[in-house]
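[1] sequence unavailable; structure follows:
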């Protein structure tokens, strides 16, 4: 997975392998969130909704996902 470090919390935000959610990894704990920032599972209960949304957008997709993990066509 490819990700980005949050500038304030330093957590790593990554798109999941299946391309359906955002995985946030902190100091030895993690959480899974929708692209809208809604908590799905894990020990981390809150995430930056704007960063989750950006990773789920086409712009985030092009920058942080490789071609094998794309969920939308980019034609």
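    Noted; the coordinates are in hand. Because the structure is a prediction, the values reported are computed rather than measured. Numbers count the residues shown, from 1 in each chain.
[2] can you give me the pLDDT of the residue most central in space within the chain?
    Nearest to the geometric centre of the chain sits residue 22, at 3.0 Å (Cα atoms, centre = their mean). pLDDT recorded at residue 22 is 92.
[3] residues contacting it?
    Contacts for residue 22 (Cβ atoms under 8 Å, 6 or more residues apart in numbering) come out as 13-16, 32-35, 47, 51-52, 55-56. C-beta: built from backbone N, CA, C; applies to glycine.
[4] and it, its phi and psi?
    Backbone torsions of residue 22, given as degrees, to the nearest 10, read phi -110, psi 130.
[5] closest one of the contacts of residue 22 to residue 3?
    Nearest to residue 3 among those, counting by Cβ to Cβ, is residue 14 at 3.3 Å.
[6] tell me which element the closest one is part of?
    Using DSSP states H and E, residue 14 maps to strand 12-15.
[7] ok, then the element right after that strand?
    Counting by DSSP H and E, the next helix or strand C-terminal to strand 12-15 is strand 22-25.
[8] good, we can wrap up now.
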